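[1] Pasted the sequence and its predicted model underneath.
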Amino acid sequence: MNRCDTDNTKQREAVWSIIRDGRWRTFEEINALLGNRYSEAGISARLRDFRKRQFGSHAIERRVRAGSNRLYEYRAVIPAPQQRQQELTFEKEVGNTRSY
């Protein structure tokens, strides 16, 4: 594993520690909770990572914050364990048709 991979892994773990609670947050709010260590571009990239199969195929939702026109906020939607198991079983039976 090279340095970039290690940095991305640490950043991914840090971002996940914040968004896994399912609360809506902006990039700025996520970064503030992480001690202002990361760029918005880096946080955005990690949120995209979480949608990928190798990082859990998580649902990452985005919406415009109420009262603003362009301020987006994000959250992870974690299915209940039983629901996630059903999804994995279904994917195994019919094959994963998602494209990345």
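    That came through fine. Residues are numbered from 1 along each chain as shown.

[2] Touching the one helix or strand Ser44 maps to from outside, list them.
    Element membership for Ser44 (DSSP states H and E) is helix 40-51. Contact with helix 40-51 is made by 8, 11-12, 15-16, 19, 27-28, 30-31, 55-60, 74, 76, as judged by CB atoms under 8 Å, 6 or more residues apart in numbering. Every C-beta, even on glycine, is put in place using the N, C-alpha and C of the backbone.

[3] so for it, what's the average pLDDT?
    If you average the pLDDT over helix 40-51, you get 95.

[4] Now the element after it, going C-ward?
    That would be, after helix 40-51 and using DSSP H and E, strand 59-64.

[5] which is the next helix or strand following that following strand?
    Following strand 59-64 in sequence, per DSSP H and E, is strand 72-77.

[6] relative to strand 59-64, how tilted is that next one?
    Inter-element angle recorded for strand 72-77 and strand 59-64: 160 degrees (by axes from the mean of the first three to the mean of the last three CA atoms, to 10 degrees).

[7] Can you list the low-confidence ranges for this protein?
    1-5, 80-100 (pLDDT under 70).

[8] hmm, who's touching the longest helix along it?
    The single longest helix within the chain, with elements called by DSSP state H, is helix 3-19. The contact list for helix 3-19 (CB under 8 Å, 6+ apart) reads 1, 25, 30, 33-34, 37-38, 42-43, 45-47, 49-50, 55, 60, 74-76.

[9] Buried residues in the very next helix or strand once past it, which are they?
    The helix or strand immediately downstream of helix 3-19 is helix 27-33, counting by DSSP H and E. For helix 27-33, the neighbour count (16 or more other CB atoms under 10 Å) marks 27, 30-31 as buried.
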